[in-house]
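>>> next input, structure requested:
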Amino acid sequence: MPAAEGMLFDMGRSTKQCYWMKDMRFPLDIIWLDEDQHVTHIERSLRPDTYPKRYCAEGRYVIELNAGQSDIADFKLDQTLRF
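Below is the predicted model:
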């Protein structure tokens, strides 16, 4: 995935969202956001070898970025992201 890009998932409503690293080939940062686009949880540098561990948090939106990009962007809990 290009460094300045990521994937945004809209689950339609806030609920517990779980992700795992099955079939991934590179590490990711995963960011959960609530209905108001506030950051509720961040998992940094999740490696493919962590599968089958699941990473869960409450949120409506989930963003996947290349590992390290959430630090570069200085994402913090309760921060509001606009998209």
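>>> need the contact list for the spatially most central residue of the chain.
Among the residues of the chain, Ile30 comes closest to the average C-alpha position under Cα atoms, centre = their mean, at 2.0 Å. Contacts of Ile30 were listed using Cβ atoms under 8 Å, 6 or more residues apart in numbering, and they are 19, 42-43, 46, 55, 62-65. Using the backbone N, CA and C atoms, a C-beta is placed for each residue, glycine as well.
>>> which non-adjacent residue is nearest it?
For Ile30, ignoring the flanking residues on the chain, the nearest one in space by Cβ to Cβ, 6 or more residues apart in numbering is Glu43 at 4.7 Å.
>>> please apply the same query to Phe9.
Residue nearest to Phe9 in three dimensions, not counting chain neighbours: Val62, with 4.5 Å by Cβ to Cβ, 6+ apart.
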